[in-house]
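Trainee: I would like to see how this sequence folds:
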Amino acid sequence: MSTRILAVATATALVASLGGPSRSPEHRQPVLTRNGLEAARATSAPARNSGGLPALKPAVLMPPCQGGAGNVTPCTTARSTPVNTPKDSATFTVNTANSLGESYNLACTFTTPVSDCNVTSFVDVLDPAHPQTVKVWYATSKAAGSGTVKLTATPTLYSTDPSWGTYTVTVTATYIVVTTPDNQVVRPAASTQTAQTFSVQNTGTASDRRYGLSVVCTGSNSSCLANQDSLTLTAGQAASVDVQYTEPLGPAGRSS
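Mentor: Numbering: from 1, shown residues only. Alright, predicted model coming up:
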């Protein structure tokens, strides 16, 4: 079977219509705006509309996750963390385009199965050449799935527009079950009903897993029966299962 992947790219174009009589093309050069975006600035005299007033410039489109004087990176990214993890971290960088620096109030939010998050309350950025690393600490629940951890940085000195970045956290679980004893030979008395006890343990990280049980008898054992047909185990939990059988001929039977 083949898998087809469809990639869709969406482009947004900004179109500005300037009124007034036609003019010769102006020479434009790229410049860096306050938010690190490229814009075009005319090096000749500013264009004017038919009323003699300066023509309006197109609005600057803010990229996702950014706003105001601040800048949080990464904008969006992903990582994975096992279930029931009490402490893991998502790393962000907080910067500013303001040469005078900026101070930010910090806050974190999360969605399940991420179960908690915390971050330092503020960070100071001296200038654009000195970005600050910020770690958001978070925990995961016992459920597997996809959640998020989001950092929001709100400037307090020269602006009030927040910046933010988001991690998509895939919370993973492992599914492992171990049954003991394994391949053990027993010699029960002839014509006697016997019970063998097995231990079934969930050694993975997945919690509240339901395991179906089945019993197979070999040798002279014509039938055998477990005292339950399923178990629900949390991560690391073990439970006992008794298997009853009758050995009509004596030795050399085996259950597994």
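Trainee: Every contact and neighbour count from this point should use C-alpha atoms.
Mentor: Fine.
Trainee: what's the spacing between residue 112 and residue 158?
Mentor: According to CA to CA, to the nearest Å, residue 112 and residue 158 sit 35 Å apart.
Trainee: Not counting the helix or strand hosting residue 231 itself, show me its contacts.
Mentor: Element membership of residue 231, judged by DSSP states H and E, is strand 230-233. By CA atoms under 8 Å, 6 or more residues apart in numbering, the residues outside strand 230-233 that reach it are 201, 202, 207, 208, 209, 210, 211, 212, 213, 239.
Trainee: which one of those is nearest residue 80?
Mentor: Checking the contacts of strand 230-233 against residue 80 with CA to CA, the nearest one is residue 207 at 17.5 Å.
Trainee: ok, back up a step: spatially, which two of the contacts of strand 230-233 are the most separated?
Mentor: The largest separation in the contacts of strand 230-233, counting by CA to CA, is between 207 and 213 at 17.6 Å.
Trainee: Looking only at neighbour counts, state which of the two leads.
Mentor: Relative neighbour count places residue 207 above the other of residue 207 and residue 213, with 23 against 13, counting by other CA atoms under 10 Å.
Trainee: Give the closest residue to that one in space, chain neighbours not counted.
Mentor: Spatial nearest neighbour of residue 207, excluding adjacent residues (CA to CA, 6 or more residues apart in numbering): residue 234 at 4.1 Å.
Trainee: So for residue 114, what's the pLDDT?
Mentor: Looking at residue 114, its pLDDT stands at 98.
Trainee: Then residue 208?
Mentor: Predicted confidence (pLDDT) for residue 208: 78.
Trainee: Show me just the buried residues among the contacts of strand 230-233.
Mentor: Among the contacts of strand 230-233, those classed as buried by 16 or more other CA atoms under 10 Å are 201, 202, 207, 209.
Trainee: Many thanks, I have nothing further to ask.
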